[in-house]
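Asks: show me the folded form of this:
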Amino acid sequence: MATLFEAWQGVQSRIDAASTACGRKATEITLLAVSKTFPAADVRALYAAGQRAFGENYAQELQQKHAELSDCPELIWHFIGPLQSNKTRMVAECAAWVHSIERLKIAERLSQQRPAQLLPLQLCLQVNVSGEASKSGVSPEELLPLAQAISQLPRVQLRGLMCIPEATLDTVKLAKQFEMLKQCQLMLQAHGLALDTLSMGMSGDMDLAIAHGSTLVRVGTAIFGTRHYPTQEAE
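Replies: Residues are numbered from 1 along each chain as shown. Presented below is the predicted three-dimensional model:
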């Protein structure tokens, strides 16, 4: 079995290969190591190896790890899970990025609760590219007014879009959904919104996502191994 460091290096190699295959530079893609449910010690080990961006899905777990790893000054926390109104303060105080914005109310609360001494909180809007009723995210048709409203808020900065595509092995279907997110980005850019981030691609489909313009891949299982959820739902 590969060590944590070897698995991390393997993912880096996949990013390099996928980037080369589609004529892009690997430096265009950020690797977000999704550390949810894994101990702070694993985060610390990867931080020592050079990894800087880490993703969490649960506000309380983010808060705990943020405190435990406060001696890692270059560590960048990304919150990527569903966010409820009663948890926004924890995220506003601990995260540098939030990828899962789908309602103006949540963005407004993050804006209000972001500590003044911190840099603006970087936001991505989650888009429902599969059209599944069970999936979170704003519809492509409702995206523009939401993005325009959020772009006016203080203490936050709208940076890009995020998607979780359909759970399928059909690469044609996945490619269409990744391409939809790219087209959403182009549409918003045409309306004057300077979005530079496409958060798409996970352990199983990061290569395809990179081919369709991803600038950030959210990788957990391929680095940390299989998660065990006693009471919480898997990603």
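Asks: once you drop chain neighbours, what's closest to E108?
Replies: L153 (6.5 Å; C-beta to C-beta, 6 or more residues apart in numbering). To be clear about C-beta, it is placed using only N, CA and C from the backbone, and glycine gets the same treatment.
Asks: ends of stretch 111-122, how far apart?
Replies: 10 Å (C-alpha to C-alpha, to the nearest Å).
Asks: try stretch 151-164
Replies: Note: stretch 151-164 ends 22 Å apart using C-alpha to C-alpha.
Asks: ditto for stretch 84-104
Replies: First residue to last in stretch 84-104 (C-alpha to C-alpha) measures 12 Å.
Asks: what comes up buried for it?
Replies: Residues of stretch 84-104 classed as buried under the neighbour-count rule (16 or more other C-beta atoms under 10 Å) are 87-92, 94-95, 97-103.
Asks: from those, which land in strands?
Replies: W97, V98, H99, S100, I101 (DSSP state E).
Asks: quick check: the nearest residue to the fourth one once chain neighbours are set aside vs T88, distance?
Replies: Spatially, and ignoring its direct neighbours in sequence, S100 is nearest to Q126 (4.8 Å; C-beta to C-beta, 6+ apart). For Q126, the distance to T88 under the criterion C-beta to C-beta, to the nearest Å works out to 15 Å.
Asks: again with H191
Replies: 27 Å.
Asks: what does A21 give?
Replies: Taking C-beta to C-beta, one finds A21 at 40 Å from T88.
Asks: got it, and S130?
Replies: S130 is 26 Å from T88, by C-beta to C-beta.
Asks: try Q51
Replies: 27 Å.
Asks: repeat that for P154.
Replies: Distance from P154 to T88, by C-beta to C-beta: 15 Å.
Asks: and if you look at S139?
Replies: Applying C-beta to C-beta to S139 and T88 gives a distance of 23 Å.
Asks: what kind of secondary structure is Q126 in?
Replies: Using DSSP: H, G, I helix; E, B strand; the rest coil, the structure places Q126 in strand.
Asks: wait, it sits on I101?
Replies: Yes: contact criterion C-beta atoms under 8 Å: Q126 and I101 qualify, at 6.3 Å.
Asks: can you show me the helices along the protein?
Replies: With helices called from DSSP state H, the chain shows them at 4-21, 40-49, 59-68, 88-94, 104-113, 143-150, 171-190, 206-211, 221-224.
Asks: roughly how far out does the fourth one sit from the chain middle?
Replies: Okay, so that is helix 88-94. Here helix 88-94 is found 16 Å from its chain centre; the criterion is C-alpha atoms, centre = their mean, to the nearest Å.
Asks: check stretch 194-214 too.
Replies: Taking C-alpha atoms, centre = their mean, the mean C-alpha location of stretch 194-214 is offset from the chain mean by 10 Å.
Asks: show the average pLDDT along it.
Replies: Across stretch 194-214, the average pLDDT comes to 97.
Asks: could you tell me the end-to-end distance of it?
Replies: Rule used - C-alpha to C-alpha; the end-to-end distance of stretch 194-214 is 16 Å.
Asks: now do stretch 69-88
Replies: End-to-end for stretch 69-88, by C-alpha to C-alpha: 20 Å.
Asks: got the buried residues for it?
Replies: Going by 16+ other C-beta under 10 Å, stretch 69-88 has these buried residues: L69, C72, L75, I76, W77, H78, F79, I80, G81, L83, K87, T88.
Asks: repeat that for stretch 217-229.
Replies: Neighbour count says stretch 217-229 has V217, R218, V219, G220, A222, I223, F224 buried, by 16+ other C-beta under 10 Å.
Asks: the third one touches G204, doesn't it?
Replies: I take that to be V219. No: counting by C-beta under 8 Å, V219 does not reach G204; the two are 9.7 Å apart.
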